[in-house]
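Student: here is my input, please return the structure:
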Amino acid sequence: MIQGPESSAGRVRPAGGGARLRRVAKGLAGAALMLAASGAVLAQEAGRPAIQTNQAYVDSLPGDAAAIDFADPVAVFRHVFSGLDGEVTVYPTENYFYYRFLHRGVRYAGNIRLDVLDRDDGWLHFAYFRDYTEWSSSEPVSYRRLGPQDGIAVTRLAPLRYAVAFEGRTVVFQLNDLAGVRPPEGLIRADETYIGPVHDESGIRFFALYNRTIKAFQYLLDESVPVLDVLEPSAISPDILIGVRTGFAFHRDKYRDRKILIGVFEGNANVNNYFDGPFDQLPDNFLADGRLREAILDIEPDLAGTIDRYGNSNGGAERYFIGSYLHYRYHDDLAVFSDCAADTSLPEELYYGCFSIDEGPDGLTAGEVDR
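Tutor: Numbering: from 1, shown residues only. Here you go, the predicted model:
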């Protein structure tokens with residue numbers, strides 16, 4: 001999901017190289033999963049399957065006909081907040097509660113974020129925008145940090161549980177408690193540091209890790225829970241698996257029973273939907289020990305003194321970009337990974353460099369590790 005109005009893809013790199021950053025602008029993340037052509041999901045009654053129909057989709061298009069002042073973030077927040085249940089669950093691990101709504105035939109999307117940096121001080125972050133498509137230019141994201149001056153009270157009820165009160169109504173936000181989640185025994189190598197559990201907005205879970213030998217972050221598929229997708233072998237290689245629902249591409253590890261994320265479909269990244277990859281869902285609630293910061297500094301020692309334990313800099317306006325996977329358009333684009341992995345001269349510890357990419361000025365490279 002997007003991280004700031006300055007970059008439609010949410011990924012910002014300084015000119016001339018240097019640290020990879022993504023703009024966050026205090027919570028400007030969010031975009032909507034586009035509905036399937038078949039239409040909206042019917043209300044599911046007990047014992048009945050949830051079926052999508054074109055009728056429901058067409059009937060939903062007018063949306064709420066009431067006037068909304070989109071120039072006023074508080075007015076839009078009022079509209080969104082009034083439609084929430086009394087308690088909601090925030091699955092993504094960077095604590096974004098994504099929403100969408102239709103208004104007079106136009107789909108809008110955005111998020112309410114309870115940021116680890118300031119939620120205990122009574123703040124939330126609210127963003128909204130007209131939903132993105134590949135055929136229409138994007139509009140700027142509207143954003144405001146909301147709090148007491150806007151009539152909003154954010155109260156911590158328990159660890160990872162917050163009440164938000166506004167105009168006489170209270171909604172409880174239950175954040176995703178993955179504190180006890182650890183990779184299965186033997187999944188992490190001795191030269192790797194487990195950063196934490198990632199619950200992506202796609203519904204897919206990952207283990208984020210840092211490989212000290214190749215100095216790269218990687219995401220492993222968490223198969224300790226049901227994987228809510230079907231992974232099919234690519235025609236490029238039987239070791240490359242692609243999700244039917246998500247488009248996420250994984251490469252089988254030939255040394256350990258695990259799957260490494262190597263790609264997300266470019267079209268999803270272009271419109272910043274739920275399938276744009278886990279770069280924006282780091283395990284913020286579980287980074288108190290500074291392991292993420294230490295890993296970043298191992299790659300970019302010049303950032304010492306400029307980033308916090310979450311990788312934020314400039315007061316939280318930017319965040320170190322952790323997205324070591326390819327935005328692919330065609331399956332052939334993924335051949336760079338399988339070609340590298342097929343090199344039998346690579347020692348085991350350098351094999352993992354095949355899955356760390358660099359999209360630099362000279363094009364895509366994989367597996368460039370000094371031997």
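
Student: residue 78: helix or strand, and which one exactly?
Tutor: Here residue 78 sits within helix 73-82, counting by DSSP states H and E.

Student: quick check: buried residues in the helix or strand following that helix?
Tutor: Following helix 73-82 in sequence order, the next helix or strand is strand 87-90 (DSSP H and E). Residues of strand 87-90 classed as buried by neighbour count (16 or more other Cβ atoms under 10 Å): residue 90. Where C-beta positions appear, they are placed from N, C-alpha and C, glycine not excepted.

Student: and the angle from the next helix or strand after strand 87-90 to helix 73-82?
Tutor: On the C-terminal side of strand 87-90, the closest following helix or strand by DSSP H and E is strand 96-103. Comparing the axes of strand 96-103 and helix 73-82 via axes from the mean of the first three to the mean of the last three Cα atoms, to 10 degrees yields an angle of 100 degrees.

Student: which elements pack onto strand 96-103?
Tutor: helix 73-82, strand 87-90, strand 106-113 (3 or more Cβ pairs under 8 Å, 6 or more residues apart in numbering; DSSP states H and E).

Student: can I get those in JSON lines including distance to residue 193 and mean pLDDT?
Tutor: Below are the helices and strands packed on strand 96-103 laid out as JSON lines (distance: least, Cβ to Cβ, whole Å; pLDDT from 0 to 100):
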{"stretch": "helix 73-82", "distance to residue 193": "38", "mean pLDDT": "98"}
{"stretch": "strand 87-90", "distance to residue 193": "26", "mean pLDDT": "98"}
{"stretch": "strand 106-113", "distance to residue 193": "27", "mean pLDDT": "95"}
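
Student: please produce CSV containing the ones you listed, extended by distance to residue 171.
Tutor: As requested, the helices and strands packed on strand 96-103 are exported to CSV (distance: least, Cβ to Cβ, whole Å):
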stretch, distance to residue 171
helix 73-82, 7
strand 87-90, 6
strand 106-113, 9
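
Student: pick the most buried one from those.
Tutor: Comparing these by mean neighbour count (mean count of other Cβ atoms under 10 Å), strand 106-113 ranks first with a mean of 23.

Student: quick one: strands adjacent to that one?
Tutor: strand 96-103 (antiparallel), strand 124-130 (antiparallel) (DSSP bridges).

Student: buried residues in the helix or strand following the shortest one?
Tutor: It stands for strand 124-130. Using DSSP H and E, the next helix or strand after strand 124-130 towards the C-terminus is strand 142-146. If you call a residue buried by 16+ other Cβ under 10 Å, then strand 142-146 has these buried ones: 142-146.

Student: okay, and the beta partners of residue 97?
Tutor: residue 112.

Student: re the thing from before, tell me which other helices or strands the helix holding residue 78 touches.
Tutor: Short answer (3+ Cβ pairs under 8 Å, 6+ apart): helix 73-82 packs on strand 96-103, strand 106-113, strand 124-130, strand 142-146, strand 161-166, strand 169-175.

Student: which residues does residue 178 contact?
Tutor: 93, 196-197, 199, 283, 285-286 (Cβ atoms under 8 Å, 6 or more residues apart in numbering).

Student: what's the helix or strand for it?
Tutor: Counting by DSSP H and E, residue 178 is part of no helix or strand.

Student: quick one: pLDDT of it?
Tutor: You'll see residue 178 listed with a pLDDT of 98.

Student: make a markdown table out of the contacts of residue 178 and add neighbour count.
Tutor: Below are these laid out as a markdown table (neighbours: other Cβ atoms under 10 Å):
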| residue | neighbour count |
| --- | --- |
| 93 | 26 |
| 196 | 22 |
| 197 | 23 |
| 199 | 22 |
| 283 | 22 |
| 285 | 20 |
| 286 | 20 |
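
Student: return the subset of the residues you listed lying in strands.
Tutor: Among these, the ones falling in strands (DSSP state E) are 196-197, 199.

Student: which one of those residues is nearest to residue 309?
Tutor: Closest approach to residue 309 among the ones in strands among the contacts of residue 178 (Cβ to Cβ): residue 196, at 11.7 Å.

Student: pull the contacting residues for residue 62.
Tutor: So residue 62 contacts 102, 104-105 (Cβ under 8 Å, 6+ apart).

Student: and the gap between the closest residue to residue 247 other than its chain neighbours and residue 159?
Tutor: Excluding the flanking residues, the one nearest residue 247 by Cβ to Cβ, 6 or more residues apart in numbering is residue 265, at 3.4 Å. According to Cβ to Cβ, to the nearest Å, residue 265 and residue 159 sit 36 Å apart.

Student: with neighbour numbers in mind, choose between these two.
Tutor: Using other Cβ atoms under 10 Å as the criterion, residue 265 and residue 159 rank with residue 265 on top: 21 against 10.
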